[in-house]
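Participant: My questions are about this predicted structure, shown below with the sequence.
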Amino acid sequence: MFETEQKIIEKKIQDYYRDNSLPELDEFKWVPVPFSGEWGISTSFFQTAALEARQRANIEQKLPPVPQRAQEIAAGLADYLGTPAGFSRVEAVKGYINLYFSTEVYSARVIDLVLERGQSFGCSAPNDKLVMVEFSQPNTHKAFHVAHLRSMIYGDVLCRLMECAGYGVVRANYYGDIGLHVIKWLWNYIKYHAGERPTEDATRWMGDMYAEATRRLEENPDLESEVRDIYARWDEGDPEVVALWQETRQWSLDGFQSMYDILDIHFDRVYSNSEAEKPGKLFVDELIENGIAEDERPEGPVIVRIDDQLGLEKEKYRVLVILRSDGTALYSTEDLALARIKFREYPLEKSFYVVDVRQSLHFQQVFKTLEIAGYPWATKCKHLPYELVNLPGNVVMASREGTVVLLEDLIRESTSRALELVEQKNPQLASEKKEEIARAVGIGAIKFPLLSRESKKVVTFDWEQALDFNGQAAPYIQYAHVRANSILSRSMQPIPAPLLPQHVLEPSEVELIDYLSRMSAEVVRASEEFKPLIITNLAYNTARVFNEFYMNCPVLKAEPHIRDFRLRLVAATKQVLANELDLLGISAPEIM
RNA sequence: GCCCCUGUAGCUCAAUGGACAGAGCAGUGGCCUUCUAAGCCAUUGGUUGUGGGUUCGAUUCCUGCCAGGGGCGCCA
């Protein structure tokens, strides 16, 4: 936001360096001054001092220790710079030079820019690069539970971040709509539930049916021949089996769709296991012909000895099995083909896979195999791993074990809890409005904890924590947004025209503006590092500082000029909070 | 056996190699005739698992060890 100012100062620093024959730096790292009531940018001179010490090590010349020398340089520069235009004060402290902004000019500039840009504030201009993010990847005919939530939410927010950072984004889903699990389900349905329709809670019903199927097969393994028979019929395209498969698959897909709708997640391109199967088998044939894959059938499967192909001594990529010995497809068969399909369909700069960490090796193997096969785009494929959501005691959620928290249960519990609170706080609202707020709060509360921690750390699902709406959580940020909205609507006037402040800004006003100004840079960083956490931190801090402002700085009862300035500041804060929440896929209610 | 990840306050988590390691929850004590108390203020709590190393400077980078989790030819 202050690149121009930074460049001007950098230029002057370079002049100073030259005049004093100091070693040149490749780049300056500007950081915000740790906040203590004033607002500014800062850079340190430790590196310069260290570099200088190294350069002169062979010369007989005594230099002071690095920290002391850094402080000397900072002090010399502070003298040299004086007080540049746009700044109120320059100081040299502990090896840093701190340049404090003239608040009246810059505070207005930040607020004006936010209000001018509105919903697009914080986002970069489109950069004409296209990326694909594949995420969610649910299996049909199975339960949809809380462990699946992380891919959905992480993937969705990565898309939002990259869109905001200027990329064109293809949001892709990849349904696991065929495989042994589906056939088991069909077998159980045909044999014991023929003709039945799903209950209202279709996804739960599908999951229960799957659990029933696995239970029956565990109790009586002899029945597995019946399952294999159905698989064979599906493979041959038996119209009856295929029709049933398509119909029942749709029940799952409809259930998934309603979940995506509730969570405000959408896709541009939906792939499925079944459509990648045949291309996958053809791909395997190509790899065999090219001498990349080894066909050990019928005794063994088709494999790629990746380390051998690369001539590696130590085992690293090991062996990838790409087709079963009976000729049926594996996940890897389909992944190879699907990667190629994606690049044929779209001119992608990058192809991301949001899949849990247990499949890291699998994706390394698939991408490396594609590279060996000579596809230049193979290096553009990137796996974005995330850790699991476990139950307390490090229990993995598994539908088969019955150790799951179903998504619909969590959402229902969370929204009904939120509804109780709305009833308490705002009993006068229409019930439709109450429900709308409860949805926003309940869903936000679910999403936030999954976004506010490192993706490579295990999340332990805990009911008490999931339903805690206080403190570091989405409702805190939403509430700040509501407070801002409340001030604006009570002001009974449109947002005042741009103006410069004529009062000495309170520390909480300065700090708030400081945080508003950081959004664009943080969005870029978050998208580059694939870290939604950066935005949850920013949003939380923005809300926290606004709450301080709210306590310390009356708006509606302030002197007219101060009131106008603060109304603009409140409007800008409301906009930024809404934009940040939107990036997190969380809605920002006006009342709660 | 090989590979990957994690270890920070009682609990859940932060911290572009840089200024005193910060929040929330829990605990304690305050603040609603003033813009919504889903809030604010104060306070308690740390040898960043551990031994070395690199660096002017390490929670961050390298390495040994300890503890936990995950992955490794026909599961997805």
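Facilitator: Thanks, I have it.

Participant: which SS class is the residue nearest to A:Gln55 when sequence neighbours are not counted?
Facilitator: Computed as C-beta to C-beta, 6 or more residues apart in numbering, the closest residue to A:Gln55 that is not its neighbour in sequence is A:Pro23, at 5.9 Å. Quick note: C-beta positions are derived from backbone N, CA and C, even for glycine. Counting by DSSP: H, G, I helix; E, B strand; the rest coil, the backbone at A:Pro23 sits in coil.

Participant: Now do the contacts for A:Pro23.
Facilitator: A:17, A:48, A:51-52, A:55 (C-beta atoms under 8 Å, 6 or more residues apart in numbering).

Participant: how about the host helix or strand of A:Phe549, does it get close to RNA strand B?
Facilitator: Using DSSP states H and E, A:Phe549 falls within helix A:532-552. Yes: judged by C-beta under 7 Å from any atom of the strand, helix A:532-552 comes into contact with RNA strand B through A:533-534, A:537, A:540, A:544, A:547-548, A:550-551.

Participant: roughly how far is that helix from the heart of the chain?
Facilitator: Taking the mean of its C-alpha atoms, helix A:532-552 sits 19 Å from the chain's own mean (C-alpha atoms, centre = their mean, to the nearest Å).

Participant: packing partners for it?
Facilitator: helix A:146-164, helix A:431-451, helix A:474-490, helix A:507-516, helix A:519-529, helix A:560-583 (3 or more C-beta pairs under 8 Å, 6 or more residues apart in numbering; DSSP states H and E).

Participant: What number of residues are in the vicinity of A:Lys456?
Facilitator: 9 (other C-beta atoms under 10 Å).

Participant: How about the secondary structure of it?
Facilitator: Secondary structure assignment for A:Lys456 (three-state DSSP): coil.

Participant: ok, which residues in the stretch 401-550 of chain A are in contact with RNA strand B?
Facilitator: A:418, A:421-422, A:425-426, A:437, A:441, A:449, A:452-454, A:456-460, A:465, A:468-473, A:475-476, A:479, A:482-483, A:486-487, A:490, A:531, A:533-534, A:537, A:540, A:544, A:547-548, A:550.

Participant: For ChimeraX, what selects the buried ones among these?
Facilitator: Of those, the buried ones can be selected in ChimeraX as follows, counting by 16 or more other C-beta atoms under 10 Å:
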select /A:418,421,422,437,441,449,452,459,469,473,475,476,479,482,483,487,531,533,534,540,544,547,550
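
Participant: Give the burial count for the residue nearest to A:Glu435 when sequence neighbours are not counted, as a bare number.
Facilitator: Excluding the flanking residues, the one nearest A:Glu435 by C-beta to C-beta, 6+ apart is A:Leu419, at 6.7 Å. Here the number of neighbours of A:Leu419 (other C-beta under 10 Å) works out to 18.

Participant: Looks like A:Leu419 contacts A:Ala438 (just checking).
Facilitator: Yes: counting by C-beta atoms under 8 Å, a contact exists between A:Leu419 and A:Ala438, whose distance comes to 3.8 Å.

Participant: Find the closest residue to RNA strand B in chain A.
Facilitator: A:Gly471 (2.2 Å; C-beta to the nearest atom of the strand).
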